[in-house]
Structure formats: structure tokens, C-alpha cells
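Undergrad: whatever this is, show me its structure:
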Amino acid sequence: MLAHKTPEQVLQEYWGFSSFRSNQFQIINSVLEGKDTLAILPTGGGKSICFQVPALLKEGCCLVISPLIALMEDQVQRLQSMGIPAKAIVSGMNQWETDEVLEACSSGNLKFLYVSPERLETRAMESSFAGLPINLIAVDESHCISQWGYDFRPSYLNIATIRPKFKNVPVIALTASATPKVKEDILTRLEMKTPQVFMNTFSRENLIYDSINCEEKTGKIISLLEQMPGSSIIYCRTRRRTKEISDLLQQHGFSADYYHAGLEQDVRKEKQQTWILGGTRIMVCTNAFGMGIDKPNVRVVIHADIPDCLENYYQEAGRAGRDGEEAHAILLYRNEELEMLRALPDQRFPSMTSIRKVYHALANHHQLPTGTGAGSCFDLELETFVEKFKLSLNDVIYSLQTLKQEHVIHYMDRVYMPSTVQFVCGRDYLEQIEQEYPSLEPIIKILLRTYTGIYDMPVRISERQIAWKLHTEADRILTALKFLDDIGAINYVPKKETPQVCYLQHRVKADELEIDHAAYQLRKQLFRDRIELMIQFATGKKCKSVLIGNYFGDSAIEACGKCDCCKSLHNFTKENTLCSDVLRLLSNKSLEYPELRKALKAEENKLLEVLQFLRNQEKIKMEHDGRIGLK
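TA: As a prediction, this is how the structure comes out:
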């Protein structure tokens, strides 16, 4: 398509940038040379450009494997707005629509094809690969492939199985949050051969990290927002809390809205777009908000509740200050929250007894006899299921997650099925309806003009779009469509967003259900370790940027000088000259405590206070022989 151009020319033409960010050019060249590539770029580091630019420079289509529908749709929309042909195959599409996308790819009319890892497992998709001119396989959020990571997705494990179908096609894996252990897992699981690995520094010089221990959080949030103008995000742990805080902020005169996964897809899109365009200043949300959103001028991200791992916190906090201007990431916590965090591993990793109980109830709920069920899929209304079998909601959610990770079931939290309409009556009957019910004529006309093929098959429609075109309310369109369905003019299936379970294996007796217990316990321990690190981030004295960088394998990162810990060190040393005296003395050699005290002629309680402070800041250490030295 653009083989005669350089990466810089493509970047300028489509993105309007005159130069690449750090490592982007090297990553793009690695892909263009046909090498398997792993790019670990901090959130906001421009990962998509690293596969989109080289794909545009190569003949054929780039297959992008991405975990979230919202993320796929966002990137597809951006590419299309730049005049680049791109499509996504998502849940809710019928076979005709899927075939249409695959045909466009096969005939060379697509440059980007987005699919979920679960889609790769379907027979229909597998049989279509042979005719697809794939030039690059891009695996987004590739940390999901590692069971030692925080967001393990079993379907990612099957990505490597498609590689033999596309010989000599390179793979680029991208992530913002891979620890060294997860990085090695990505390389192994994707069967990368002599891979090129690129990792940017995790330092965000313009981002100021702070954690605040406070009992009255809402008052503190209001105070912070009054001090820090500009676009803001407030992350909460629960859906109910998002609305509570949003309502409270509105009462205090702030422009605020709330967002969570429980809202209908159209509503979520509308809220998100209003915030992106600046119509709303503050978005109060769960972690369902933010993936794929590239709003550069967010000035502050506040966590009203402490997250359970540094990966999530870093991703969410990193949505502030992407324009390079000063921004703040503020974490609010209470002491009792820390104990609640420490109790999470036992909740997130239920006992084998609980897992078997949920599995048994699930199979009974779907009326599956023992020895049957593999390949069957069912809707699952969680509230109804929990109430029917008198189960704990937490046990159900995390048991389902475990059964998914063990390849017993595939569980999707929310499967979006859009509304569909098909006309099933003749033209004469339609004319009769329009004469008897004149108010329905505009709706009938707009359906026929807007949706091609609506007589031949069910087509996806948007009630909100129809309402907008007719300058009326969506509820009126909904009522009219139901009425047309009742009188036999159309077949109307309203949209739904329902969790769904697919059985990957035949049902076995509950006491015969087995999991990889050793791996399960290791995942639990790793989760416990991540929680302790998150608590250390909130309460510790080490530079927050250094702690983040070290966790993700960036050993070269230096103290930021701006976070609350660095400021605390600066203030303490400024007010206490004994700090600099201790560091000066230890710069030449390590000393025993009595030697140090004698040389400094210091009072014991003051010296002990300084030594404890410097130890907390990881400036000094106690050596094996009991001597004190610089770290």
C-alpha cells in the first residue's frame, strides 16, 4: 500500500507527527525486517503506532489480537477516521457479517483485522485463515498470555497455534505492564524465535505520584479538584460508589459523570465521548473505563480506593499527563483498607470445595447430564443463579474465573448482542400499516433506507441512531418497533448484554473435577505478593517512580524528586543536617554503630531516628557483619 514511503512519511501523513517517540522507530524497523518483536512500553507510550506503521508499509493485512471489544472498536474507529480500511469481528455479529469482513480481508480491501483471542478458537475462523493475506500478527495486551501475570486470559495460550498457518509472518507482542517473569512467559508462549525485545524507561517525569492516608475521602477529593483544575478521572472499586461520588461532586458544582460496566453499551459510549470532547470535566468510574482512551490533557487521576496490584494502578494512573505537561496521580487509602486487601487472596482463590460446589450448581442450572455438554453455550444471569442455589456471589465469580483458567468453561462477563430487525411482510401490508398508523411511516421509511438487506436477513440496528435521525426519543422508537413486531411486519430482537458460559469439556461428577493445584497455589501466592507491593507503594518511603520501575525490570530508573516520598526525604534532610553527615561519613567506608555515633558526637535517639529514616528510604543498609553502609 505504501511500500515506497518511509516510516517517518507514514507517521507524518496519517498521525501528523514529525518524529517517533523513544524506541518506536527501532521497534518498527525490527518488524519491517521480519523479526519477532516484544515491545514493553509504558502506558501512553504509543504502542499502536509500533504495529500500525509497519503494517501500512507491507502488502497485505495486519491481524490484531486484542482482549476487549471497546479497545478494538476504538482503534478501528480511529483508523477508519484516517482513511485506513479496518474492521473488527466481535460478539453479536452474525455469520453473514463475519463472512463479509473476512471476504474484505481476503480480497485485499482491509489493512487491519481485529479479533479477540477467543475468536481464534472457533472452527469458522480457523478454516478462514488459509485465504487471508496476513502480513503481521500483533498481540495487544500480551501480558494476558502469562498465568503468572495479573490478568491471565487462557485463550491467549492458543495464539501460537495459528503461527504455522502464516509462515514467515512476524509477531509483535505489546504490553505496558510485564514484569521480568511475565516477559519471559510471553516470549515462550508465543514461540518467538530470536526475538528483539524493547523496553522503555518507566519514568514519567511530568507525572507526580502521591499517596494520602485519610479517613474522609470525599472531602479530600473535593479539595484536590478545587486545587487542580482540568480534566480528571476518579477510580473507584464499586459501581455504586461511582454514582455516589459523581452525584456529590455535582452537588458541589463540579461537571462530573459516572461510568461502569453495568451501564448499557450505548450509554457508556455516550458518556465516554462527552468526557473526551470536554463536555464533562470529571469521570468517576470503575476500572472498566480507560482502555484505549488517549485523552492527552488529563491533569489528575485520583484513586478513591486502593487497587489490588501495581499493574492496574500504573495503567490507570498513567492516563494522566500524556501531553507531557505536569499532571498528578493521587492514591487515597485508609488503614482498614490495607487489611481488607490482605484478605483478598482467600476470596479470589476459593477452596476446592467451593469451586466444585459452584461447578455442580452451574451444570444443574443448565440441566446438563454427566458426560454431556462440551461445546454448549448458555446465558447466565448471575443474580438469579446465586439466589437459586444460595451461593456466595464472590465464590461464584472467582470459581467461574478458576474454571475458565483451567479450560473447563469459557466465561464472558458480558456478551453484547445488538438489536436486529428483518421485514417479514409484503409491500402491500406495509402500505396498509402506513395508512392506518401514520406515525409509524417515518420509522418504516428510515429502516428501509438505512439498512440494506433488511428484507433478506436480520440486520443490526441502533435505536438511538434512528431516534437521532427522526429527532425523537429512543423509547418511542423501541415502542414502535415492538408494535411492528406484534402486528407481524418485522421480526425485532432487542439488544441484550448478558454474561455467557460455554462448556469446553463434558460435565463430570463434582468430586471428580480436578485443577492444577500447584499452579493454582502459586498464582495465589503471586497475588499475595502483588498486594504487599501495592501496600508498600501506598505506605512506604521509597521513591514511587523507582518502585514502579524496579517492579517492571527497569533497574536504571532514578528517583523522581517529585513524589511524596522524595519530598519527604528532601524535607527531612533539609531540616536535619545529621542525615547528610551520616551519608558523608558512610561514603568512604561502612562503620559499626558505635564508631558512627562517636564520629558524629550525636545523641542516640536522634541518630537512631535518622538511621531508621535512611533505611526506610533505602539509602543505607545493615551489612552481614553488623556494619552500616550505603546501599
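
Undergrad: now do the buried residues in stretch 525-539.
TA: Leu526, Phe527, Arg528, Arg530, Ile531, Leu533, Met534, Ile535, Phe537, Ala538 (16 or more other CB atoms under 10 Å). For every residue, glycine as well, the C-beta is placed using N, CA and C.

Undergrad: swap in stretch 501-511?
TA: Val501, Cys502, Tyr503, Leu504, Arg507, Val508, Ala510.

Undergrad: which ones among these lie within strands?
TA: Under the assignment DSSP state E, the buried residues of stretch 501-511 contribute Val501, Cys502, Tyr503 to strands.

Undergrad: nearest to Gln95, of the residues you listed?
TA: Cys502 (17.2 Å; CB to CB).

Undergrad: and Arg615, how many neighbours?
TA: 15 (other CB atoms under 10 Å).

Undergrad: er, Gly253 I mean
TA: Using other CB under 10 Å: Gly253 sits among 9 other residues.

Undergrad: now do the helices in the stretch 201-350 of the chain.
TA: 217-227, 239-251, 265-276, 310-317, 335-342, 344-348 (DSSP state H, counting those that start in this stretch).

Undergrad: run through who's touching the fifth one.
TA: Meaning helix 335-342. Asn213, Asp305, Ile306, Asp308, Arg528, Ile531, Glu532, Met534, Ile535, Ala538, Thr539 (CB atoms under 8 Å, 6 or more residues apart in numbering).

Undergrad: return the helix or strand in the chain with minimum mean pLDDT.
TA: Using mean pLDDT, DSSP states H and E, helix 123-128 stands out as the lowest-scoring helix or strand of the chain, at a mean of 71.

Undergrad: before we move on, the earlier item: nearest to Val171, of the contacts of helix 335-342?
TA: Asp308 (30.4 Å).

Undergrad: quick check: the closest one touching Ile535?
TA: No. Using CB atoms under 8 Å, Asp308 makes no contact with Ile535, being 10.1 Å away.

Undergrad: could you pull out the strands for the stretch 151-300 of the chain?
TA: 171-175, 196-199, 207-213, 231-235, 256-259, 282-285, 298-303 (DSSP state E, counting those that start in this stretch).

Undergrad: over to the stretch 301-450 of the chain?
TA: Under DSSP E, counting those that start in this stretch, the stretch 301-450 of the chain gives strands at 327-333, 377-379, 409-417, 420-423.

Undergrad: to Ile186, which of the ones you listed lies closest?
TA: strand 409-417 (21.8 Å).

Undergrad: spatially central residue in this structure, please.
TA: Met291 (4.9 Å; CA atoms, centre = their mean).

Undergrad: what's the nearest residue to it if we skip its chain neighbours?
TA: Of all residues not flanking Met291 in the chain, Leu71 sits nearest, at 4.9 Å (CB to CB, 6 or more residues apart in numbering).

Undergrad: may I have the helix or strand containing that neighbour as PDB, with CA atoms only?
TA: In this structure, Leu71 sits in helix 69-81 according to DSSP states H and E. C-alpha atoms of helix 69-81 as PDB (Å, rounded to 0.1, in the frame of the first residue of the first chain):
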ATOM      1  CA  ILE A  69     -14.300  -5.100  22.300                       C
ATOM      2  CA  ALA A  70     -14.200  -1.500  23.400                       C
ATOM      3  CA  LEU A  71     -10.400  -1.400  22.700                       C
ATOM      4  CA  MET A  72     -10.900  -3.000  19.300                       C
ATOM      5  CA  GLU A  73     -13.800  -0.700  18.300                       C
ATOM      6  CA  ASP A  74     -11.900   2.400  19.500                       C
ATOM      7  CA  GLN A  75      -8.800   1.600  17.300                       C
ATOM      8  CA  VAL A  76     -10.900   0.600  14.300                       C
ATOM      9  CA  GLN A  77     -12.800   3.900  14.500                       C
ATOM     10  CA  ARG A  78      -9.500   5.800  14.700                       C
ATOM     11  CA  LEU A  79      -8.000   4.000  11.700                       C
ATOM     12  CA  GLN A  80     -11.200   4.500   9.700                       C
ATOM     13  CA  SER A  81     -11.300   8.200  10.500                       C
END
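
Undergrad: mind listing what Gly561 touches?
TA: Per CB under 8 Å, 6+ apart, neighbours of Gly561: His570.

Undergrad: can you verify my assumption that Lys193 contacts Ala160?
TA: No. Using CB under 8 Å, Lys193 is not in contact with Ala160; the gap is 11.4 Å.

Undergrad: who has more neighbours, the two?
TA: Ala160 (16 against 11).

Undergrad: test for you: state the pLDDT assigned to the closest residue to that one other than its chain neighbours.
TA: Spatial nearest neighbour of Ala160, excluding adjacent residues (CB to CB, 6+ apart): Glu191 at 4.6 Å. Each residue has a pLDDT score; the one for Glu191 is 94.

Undergrad: quick check: Glu191 vs Gly219, distance?
TA: Distance, Glu191 to Gly219, using CB to CB, to the nearest Å: 53 Å.

Undergrad: looking at the two, which is more packed in?
TA: Glu191 (14 against 11).

Undergrad: from Thr37, how far out is that one?
TA: 14 Å.

Undergrad: next: Ala329.
TA: Ala329 is 29 Å from Thr37, by CB to CB.

Undergrad: and if you look at Arg476?
TA: 52 Å.

Undergrad: spit out the contact partners of Tyr313.
TA: Per CB under 8 Å, 6+ apart, neighbours of Tyr313: His303, Pro307, Leu331, Met534, Phe537.

Undergrad: swap the cut-off to 10 Å and go again
TA: 177, 209, 235, 287, 301, 303, 306-307, 329, 331, 534, 537-538, 548 (CB atoms under 10 Å, 6 or more residues apart in numbering).

Undergrad: same question for Ala288.
TA: Residues Leu68, Ala70, Arg239, Thr242, Tyr259, His260, Ala261, Gly262, Leu263, Arg268, Asp413, Arg414 are the ones in contact with Ala288 under the rule CB under 10 Å, 6+ apart.

Undergrad: how does it look with 7 Å?
TA: His260, Ala261 (CB atoms under 7 Å, 6 or more residues apart in numbering).

Undergrad: okay, it: pLDDT?
TA: 84.

Undergrad: could you check how far it is from Thr242?
TA: Taken as CB to CB, the span from Ala288 to Thr242 is 10 Å.

Undergrad: what is in contact with those two at once?
TA: Each of His260 lies in contact with both Ala288 and Thr242 under the rule CB under 7 Å, 6+ apart.

Undergrad: from Gly549, how far off is Asp485?
TA: 58 Å.

Undergrad: next one: Thr194
TA: From Thr194 to Gly549 the distance is 27 Å (CB to CB).

Undergrad: who has more neighbours out of the two?
TA: Gly549 (22 against 6).

Undergrad: what separates that one from Tyr150, distance-wise?
TA: Gly549 is 17 Å from Tyr150, by CB to CB.

Undergrad: give me the angle between whatever helix or strand Ile49 lives in and helix 69-81.
TA: Following DSSP H and E, one finds Ile49 within helix 47-57. Helix 47-57 and helix 69-81 are oriented at 50 degrees to each other (axes from the mean of the first three to the mean of the last three CA atoms, to 10 degrees).
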